[in-house]
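K.L.:
here is the input, now give the coordinates:
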Amino acid sequence: MSNSDTPKDGDFVHWIEEKSEALKFELGEKFPVPPTVLVSSSVHPETSGQKLEEVLLEHEAPTQDLLEELAALEEAPSLSDEELTEQALAAGGADNDPGTPE
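P.N.:
Predicted coordinates for the structure are as follows:
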């Protein structure tokens, strides 16, 4: 037996999603997020250096310092395989232990 007031499959879910979005918007207007909370998640607010990930993934405008650093890296001479190997063996990796290079 079917009642004409019974919603079709998915209609109720759609209705709930619409109400949820409307409520989020309304709450966002009543309780705005302070600008200090909207800082990049990849760099702590006290950190002054900008990372390439922030520019590429978080759509930040590159700072002059970052552009200068990138230009310097492009102009730097290439390292030999021996120099790269030496750096890799000297680096401690995630655990900061040079005995277990990564």
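K.L.:
got a list of what Asp65 touches?
P.N.:
When contacts are counted by Cβ atoms under 8 Å, 6 or more residues apart in numbering, Asp65 touches Gly49, Gln50. The way it works is simple: take the backbone N, C-alpha and C, and place the C-beta from them, glycine included.
K.L.:
and it, what element?
P.N.:
helix 64-75 (DSSP states H and E).
K.L.:
report the mean confidence score over the helix or strand following that helix.
P.N.:
Once the chain leaves helix 64-75, the next helix or strand it forms, by DSSP H and E, is helix 81-90. For helix 81-90, mean pLDDT is 85.
K.L.:
which other helices and strands contact helix 81-90?
P.N.:
Here helix 81-90 touches no other helix or strand, going by 3 or more Cβ pairs under 8 Å, 6 or more residues apart in numbering; DSSP states H and E.
K.L.:
now do that helix: distance to the chain's middle.
P.N.:
How far helix 81-90 lies from its chain's middle: 30 Å, per Cα atoms, centre = their mean, to the nearest Å.
K.L.:
when you give positions from now on, start the count at 57
P.N.:
With 57 as the first residue, the last one maps to helix 137-146.
K.L.:
show me which positions of that helix end up buried.
P.N.:
Going by neighbour count (16 or more other Cβ atoms under 10 Å), nothing in helix 137-146 comes out as buried.
K.L.:
model confidence for Lys64, exactly?
P.N.:
pLDDT, Lys64: 68.
K.L.:
with Phe87 instead?
P.N.:
Looking at Phe87, its pLDDT stands at 71.
K.L.:
ditto for Glu74
P.N.:
In this prediction Glu74 is given a pLDDT of 89.
K.L.:
gap between it and Phe87?
P.N.:
Computed as Cβ to Cβ, to the nearest Å, the Glu74 to Phe87 distance reads 21 Å.
K.L.:
try Ala147
P.N.:
45 Å.
K.L.:
what's the answer for Glu138, then?
P.N.:
From Glu138 to Phe87 the distance is 58 Å (Cβ to Cβ).
K.L.:
which residues of the protein score low on pLDDT?
P.N.:
In the prediction, the chain carries residues with pLDDT under 70 at positions 57-65, 88-104, 154, 157-158.
K.L.:
residue boundaries of the strands in it?
P.N.:
With DSSP state E, there are no strands along the chain.
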